[in-house]
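>>> Next comes the sequence, and after it the predicted model I'd like to discuss.
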Amino acid sequence: MEQDKRTRYKGICPECGRELWICKSIFMEMGINQGAGRCLQCKTFLSIQFNEEKQEMELTKFEGGSSNESIGGDLQ
């Protein structure tokens, strides 16, 4: 299997502080600056937006997005 060579951007989970490295979503590549996923550590459901100026991902907790909810999709 060929290694994924897409650029990854740093993001910090606002809930637990874990550093995550995230690729742009297909929507982000098309100009729609929105993504979603879960923190690998605390499983908080996150909204993801790319900050062009800082070249980083800005992560915010979705309202009601806690580790106890069954919304699918880990960031991996």
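Alright, I've got the coordinates.
>>> Now the residue nearest the centre of the chain: closest residue in space, sequence neighbours ignored.
Nearest to the mean C-alpha position of the chain, counting by C-alpha atoms, centre = their mean, stands residue 48 at 4.7 Å. The shortest distance from residue 48 to any residue other than its chain neighbours is 3.7 Å, reached at residue 35 (C-beta to C-beta, 6 or more residues apart in numbering). Every residue, glycine included, has its C-beta placed from N, CA and C.
>>> quick one: contacts of the helix or strand of the chain with the lowest mean pLDDT?
Ranking every helix and strand in the chain by mean pLDDT, DSSP states H and E puts helix 26-29 at the bottom, with a mean of 92. Residues outside helix 26-29 that contact it (C-beta atoms under 8 Å, 6 or more residues apart in numbering): 33-35, 50.
>>> Please repeat the previous calculation with a cut-off of 7 Å.
Helix 26-29 is contacted by residues 34-35, 50 when judged by C-beta atoms under 7 Å, 6 or more residues apart in numbering.
>>> Next secondary structure after it?
Using DSSP states H and E, the helix or strand that directly follows helix 26-29 along the chain is strand 35-38.
>>> For the helix or strand just after that next one, list every residue counted as buried.
Downstream of strand 35-38, the first helix or strand assigned by DSSP H and E is strand 45-51. By neighbour count on 16 or more other C-beta atoms under 10 Å, the buried set for strand 45-51 is 45-48, 50.
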